[in-house]
Structure formats: C-alpha cells, structure tokens
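K.L.:
Quick one: sequence and predicted model below, then my questions.
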Amino acid sequence: MVSYIMNTKNCMSVLLLSSRFDNFSFISGEITTYCTFQIDGTYHPEFYPDNENESPEPYVRWKQVREYCFSLIKGKQTPLRFHFILSLAPDQIESLLQNEGLPYQTSDIKGLYLNFRFDGTRLTCTTGTSFHTFVLDKSLEHTWDSMVTKIFTQKGLEFEENR
C-alpha cells in the first residue's frame, strides 16, 4: 500500500518531535541536505562495555535515532530528500500474529515495514511485508496494511491511499 501524506509538516512533527513511532525498529535511513547522511540501524552490542545495554533485537528502536535524524533535517531549508525504513518491532509482530489469529510464527517474518520517502516535494509512506521464505498467502500483508491505516488515523496523520 502506498499512502500519500497530505500534510508533510504535520507528519514530520509526529515522526521527529513526538514519541508516537518510538517503539518501531529503525532499519535504515538516508537524509540529503548539503550532503547525504546514511544511517544503518543495525544494533552493535559490542559498543557497550559489559553488555549493559544488550538487546536481543537486531535493530535499534526509532527513539534511539529520532533526535539525531531531526538534528540533520531541522533548519531553514527543506531537505532535498530523505528515506526512513521502520519496521514493527519483533515483540509487536508477535502480538499482531496472536491478536489476528494468523498462521505464522514470529521467526517466519523478516519484517513489517514502513518506508517514509520525501522526494523534495511530496512525502509518501509505503508498507512492506517480508518473509524469510516465499509465501503465497497475502493475509499478513492485508492485515499489516489495515493496521497501518489505523496507526496513521490514531496518530493524526492525514493520508490518501493508493493500493
């Protein structure tokens, strides 16, 4: 599902200045202003001595990089472009599967993604579903698209769907 964000400024405020997406995993990001900044969201536990912040998840949460991304974007000039890939966190994927009665295990799913892309004029968000193996069943994809519609509505984001 592709959603055209109707109010870019409001969406950026929700994404960068609020905690509403903080529990999503941050996969990667790219921000182009006076140069291009690329951010890989892979968690590196060896950075912390004595594993004091050890995380069983492969990616950091959005809340850990949100302020850094905001610091790169804020200013008088609009970024030339940016792209953020977020994913529903593993514990939330497990809850979704159980609540919706879907026939999958968390280990079957590589990610349920939100791709926020700004091209200099328009902000879009594309959903994505990825499994570790090939799957013909589209029930999870449809459930994720419906959930994203609800999330956007709850978070006050105005959008127009293009399925």
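P.N.:
Noted; the coordinates are in hand. Numbers count the residues shown, from 1 in each chain.
K.L.:
My read is that F26 contacts P58, right?
P.N.:
No - between F26 and P58 there is no contact under C-beta atoms under 8 Å: 11.0 Å. Heads up, the C-betas are built off the backbone N, CA and C, glycines and all.
K.L.:
So the two - more neighbours on which side?
P.N.:
Using other C-beta atoms under 10 Å as the criterion, F26 and P58 rank with F26 on top: 26 against 12.
K.L.:
Tell me what that one is bridged to.
P.N.:
Per DSSP bridges, the residues bridged to F26 are L86.
K.L.:
so what pLDDT did it get?
P.N.:
Looking at F26, its pLDDT reads 98.
K.L.:
any idea how far it is from H142?
P.N.:
25 Å (C-beta to C-beta, to the nearest Å).
K.L.:
And for V135?
P.N.:
V135 sits 13 Å away from H142, going by C-beta to C-beta.
K.L.:
And for G101?
P.N.:
The gap separating G101 from H142 is 13 Å, by C-beta to C-beta.
K.L.:
When these two are compared, which one has more neighbours?
P.N.:
Per other C-beta under 10 Å, whichever of G101 and H142 has more neighbours is H142, with 13 against 8.
K.L.:
tell me which residues of the helix or strand of the chain at the bottom of the mean pLDDT ranking are tucked away?
P.N.:
Ranked by mean pLDDT, DSSP states H and E, the weakest helix or strand in the chain is strand 159-162, scoring a mean of 82. By neighbour count on 16 or more other C-beta atoms under 10 Å, the buried set for strand 159-162 is F159.
K.L.:
Alright, that wraps it up for me.
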